[in-house]
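> I need the structure of the sequence given here:
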Amino acid sequence: MPRDGLELLMAEPSEILREEHRVIGHLLDVLRGMSVAVNRGGSIAKEDIETILDVLVDLADKCHHAKEERVLFPVLMRGSPTEGAP
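Numbers count the residues shown, from 1 in each chain. Coordinates of the predicted model:
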């Protein structure tokens with residue numbers, strides 16, 4: 001279920017990352033749908049594809065992955081001495 005901005009700001013960091021995964025997944029689904037449409041002879045505006053790709057680069061590569069690499073993964077790598085890190 002989509003969350004409003006205030007709820008997301010007050011969410012746990014892991015929930016924010018999960019929400020970003022959902023958004024990224026949705027955008028990838030849209031791109032897949034566009035691909036299917038083109039393969040069936042349809043056309044998609046170049047600007048629409050570029051917009052989705054721009055959002056993916058900004059959200060996924062610049063924002064989301066940076067959070068995972070700088071914060072989440074180092075915490076996970078510490079792991080539990082008895083259980084090990086993932």
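> residue ranges of the helices in the chain, please?
Using DSSP state H, the helices of the chain run over 5-9, 13-39, 46-56, 65-67, 73-78.
> Turn these into CSV, columns for mean neighbour count and mean pLDDT.
C-betas here are computed from N, CA, C, even on glycine. Formatted as CSV, the helices of the chain follow (neighbours: other C-beta atoms under 10 Å; pLDDT from 0 to 100):
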stretch, mean neighbour count, mean pLDDT
helix 5-9, 10, 58
helix 13-39, 13, 90
helix 46-56, 12, 93
helix 65-67, 13, 78
helix 73-78, 10, 76
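> roughly how far out does stretch 42-49 sit from the chain middle?
Computed by C-alpha atoms, centre = their mean, to the nearest Å, the chain-centroid distance of stretch 42-49 equals 22 Å.
> just stretch 22-31 next, same as before
Once both centres are worked out by C-alpha atoms, centre = their mean, stretch 22-31 turns out to sit 8 Å from its chain's centre.
> what do you get for stretch 20-35?
9 Å.
> For it, C-alpha coordinates in PDB please.
Extracted C-alpha coordinates of stretch 20-35, given in PDB (Å, rounded to 0.1, in the frame of the first residue of the first chain):
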ATOM      1  CA  GLU A  20      12.400   2.100  -3.100                       C
ATOM      2  CA  HIS A  21      12.700  -1.500  -4.200                       C
ATOM      3  CA  ARG A  22       8.900  -1.500  -4.900                       C
ATOM      4  CA  VAL A  23       9.200   1.700  -7.000                       C
ATOM      5  CA  ILE A  24      12.200   0.500  -8.900                       C
ATOM      6  CA  GLY A  25      10.400  -2.800  -9.600                       C
ATOM      7  CA  HIS A  26       7.300  -0.900 -10.800                       C
ATOM      8  CA  LEU A  27       9.400   1.200 -13.200                       C
ATOM      9  CA  LEU A  28      11.100  -2.000 -14.500                       C
ATOM     10  CA  ASP A  29       7.600  -3.500 -15.100                       C
ATOM     11  CA  VAL A  30       6.600  -0.400 -17.100                       C
ATOM     12  CA  LEU A  31       9.800  -0.700 -19.200                       C
ATOM     13  CA  ARG A  32       9.000  -4.400 -19.800                       C
ATOM     14  CA  GLY A  33       5.500  -3.500 -20.900                       C
ATOM     15  CA  MET A  34       6.900  -0.900 -23.200                       C
ATOM     16  CA  SER A  35       9.200  -3.500 -24.700                       C
END
